[in-house]
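Colleague: Build me a model from this:
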Amino acid sequence: MLSVPKRLVEQISAHVESAYPEEGAGFLLGGDGEVTEIFPLPNAREDEARHNRYLITPEDYMKAEMKAADLGVDLIGVFHSHPDCPNVPSEYDREWAQPFFSYLITRVDEGKAVGHRSWKLMEDRSKYDEEEITIK
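Modeller: Residues are numbered from 1 along each chain as shown. Alright, predicted model coming up:
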């Protein structure tokens, strides 16, 4: 289960809505399935692919790790958006995902966040299992 404070869900929604019609992304910080902070990122993917792909650079990852360390928490997942399509992980998402991370995907229809779902990749990387989200 992934627990996310309402204020952070609102921040995620605002970030991915501002990225629309491109994908928006960032990291989830916290511990034990509880998100305590987010680390929004610019989409580093090349212009022609941003509508359905995001890229987190090694530098982005390092900055997020440093932020988490400063806060005394861990990187526990990634959030990103699916503009005008279901918030279900794609095969591309699966190929680039890490087991043990939560992947919160927000569906953004016509510029408005309309739903959040979270997924965890199986350790053998074969598929995702949906995890329950609690918004508090």
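Colleague: ok, and the helix or strand in the protein with the lowest average confidence?
Modeller: Least confident helix or strand of the chain, by mean pLDDT, DSSP states H and E, is helix 91-96 with a mean of 85.
Colleague: which of the residues in that one are buried?
Modeller: Within helix 91-96, the residues that qualify as buried are 93-94, counting by 16 or more other C-beta atoms under 10 Å. (C-beta placed from N, C-alpha, C; glycine too.)
Colleague: So which elements touch that helix?
Modeller: Applying 3 or more C-beta pairs under 8 Å, 6 or more residues apart in numbering; DSSP states H and E, one finds that helix 91-96 contacts no other helix or strand.
Colleague: can you list contacts of that helix?
Modeller: Residues from elsewhere that reach helix 91-96, judged by C-beta atoms under 8 Å, 6 or more residues apart in numbering: 53, 103, 105, 121, 125, 127-128.
Colleague: if you skip the residues just before and after it, what's nearest to Ile4?
Modeller: I think there's a mix-up here, since residue 4 is Val and not Ile. The shortest distance from Val4 to any non-neighbouring residue, by C-beta to C-beta, 6 or more residues apart in numbering, is to Val35 (4.5 Å).
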